[in-house]
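S.K.: structure, please.
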Amino acid sequence: MDIDGAALIVVDVQNGFTNHNSRHVVPVISSLVSRWSTAGRPVVFTRYRNYPESPFERFFGWSRLQSPPETDIVTELADQAASACAVLDKAGYTLFTDEAVALLGDAGWTDLVFCGIATESCVLKSAVDAFERGYAPWVLTDASASDAGPTVHDAGLTVARRLIGPRQLITTEDLLAQLAPRLEVPVLE
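M.R.: Numbers count the residues shown, from 1 in each chain. Model (predicted):
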């Protein structure tokens, strides 16, 4: 991974997606965002917003996440989102909205590190789209979860291995080991 060209993408950690199956990643993500930011690396949050007559409503009969508080980023991450380089709203699975494409192009990032909810949908789709657009996608396996449960999370990771490569799935420990030199405090003599 090129840490100097990497951005952390926190996908849809919102009230409407956070439940007993996914809540465990919130403190992991909060700690990671703090350390990533301390190292001077950029963070982007995404926020999904459903709308009337969306494909989700038409094909699934699913009309949730159309307004606050469901669409709000969870309280534990709200301050970090407010100080992130961007909070991007999206109406579908992927990070790659027109606004995101412009931001990524202007920033010149080469590596996108994904975490959040849900592994099998928004995290996976964003990582695959990053791969197809020439970015190096990385999925943090222990900082991603599915609100549908661990079996669905594992299924998302299986598909990710097939679509973006098994080496692109790492843990926060792996990432922090690469970030460590940026976090070290210089010794004063």
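
S.K.: need the helices for the chain, in chain order.
M.R.: With DSSP state H, the ranges of helices along the chain come out as 25-38, 55-60, 75-82, 98-107, 124-132, 150-164, 172-183.

S.K.: I'd like these laid out as TSV, including mean neighbour count.
M.R.: (Each C-beta comes from the backbone N, C-alpha and C, glycine too.) As requested, those are exported to TSV (neighbours: other CB atoms under 10 Å):
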stretch	mean neighbour count
helix 25-38	19
helix 55-60	12
helix 75-82	15
helix 98-107	13
helix 124-132	21
helix 150-164	17
helix 172-183	15
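
S.K.: of those helices, which shows the lowest average pLDDT?
M.R.: The minimum mean pLDDT among the helices of the chain belongs to helix 172-183 (a mean of 88).

S.K.: now do that one: distance to the chain's middle.
M.R.: The chain centroid and the centroid of helix 172-183 are separated by 17 Å, computed with CA atoms, centre = their mean, to the nearest Å.

S.K.: now swap in stretch 71-86 and tell me
M.R.: 12 Å.

S.K.: contacting residues around it?
M.R.: Surrounding stretch 71-86, the residues in contact under the criterion CB atoms under 8 Å, 6 or more residues apart in numbering are 7, 10, 13-16, 18, 26-27, 29-30, 33-34, 37, 42-45, 47-49, 65, 87, 103, 107.

S.K.: the helices of the chain: which one's closest to residue 117?
M.R.: Nearest of those to residue 117, taken as CB to CB: helix 25-38 at 7.1 Å.

S.K.: what helices or strands is the closest one leaning on?
M.R.: Judged by 3 or more CB pairs under 8 Å, 6 or more residues apart in numbering; DSSP states H and E, the packing partners of helix 25-38 are strand 6-11, strand 43-48, helix 75-82, strand 111-117, strand 136-145, helix 172-183.

S.K.: just the C-alpha atoms of stretch 50-70, please, in CSV.
M.R.: Listed next in CSV are the C-alpha coordinates belonging to stretch 50-70 (Å, rounded to 0.1, in the frame of the first residue of the first chain):
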residue,chain,number,x,y,z
ASN,A,50,-32.8,6.5,0.2
TYR,A,51,-35.6,8.4,-1.6
PRO,A,52,-39.2,7.7,-2.6
GLU,A,53,-39.5,5.5,-5.6
SER,A,54,-35.8,4.5,-5.4
PRO,A,55,-34.8,1.1,-6.8
PHE,A,56,-34.6,-0.1,-3.2
GLU,A,57,-38.2,0.9,-2.6
ARG,A,58,-39.5,-0.3,-6.0
PHE,A,59,-37.6,-3.7,-6.1
PHE,A,60,-37.2,-4.5,-2.4
GLY,A,61,-40.1,-2.7,-0.9
TRP,A,62,-37.4,-1.1,1.4
SER,A,63,-38.1,2.5,2.3
ARG,A,64,-35.9,3.0,5.3
LEU,A,65,-33.0,5.6,5.6
GLN,A,66,-35.0,8.4,3.9
SER,A,67,-34.5,10.9,6.8
PRO,A,68,-32.9,11.6,10.1
PRO,A,69,-32.2,10.0,12.6
GLU,A,70,-31.7,6.9,10.4
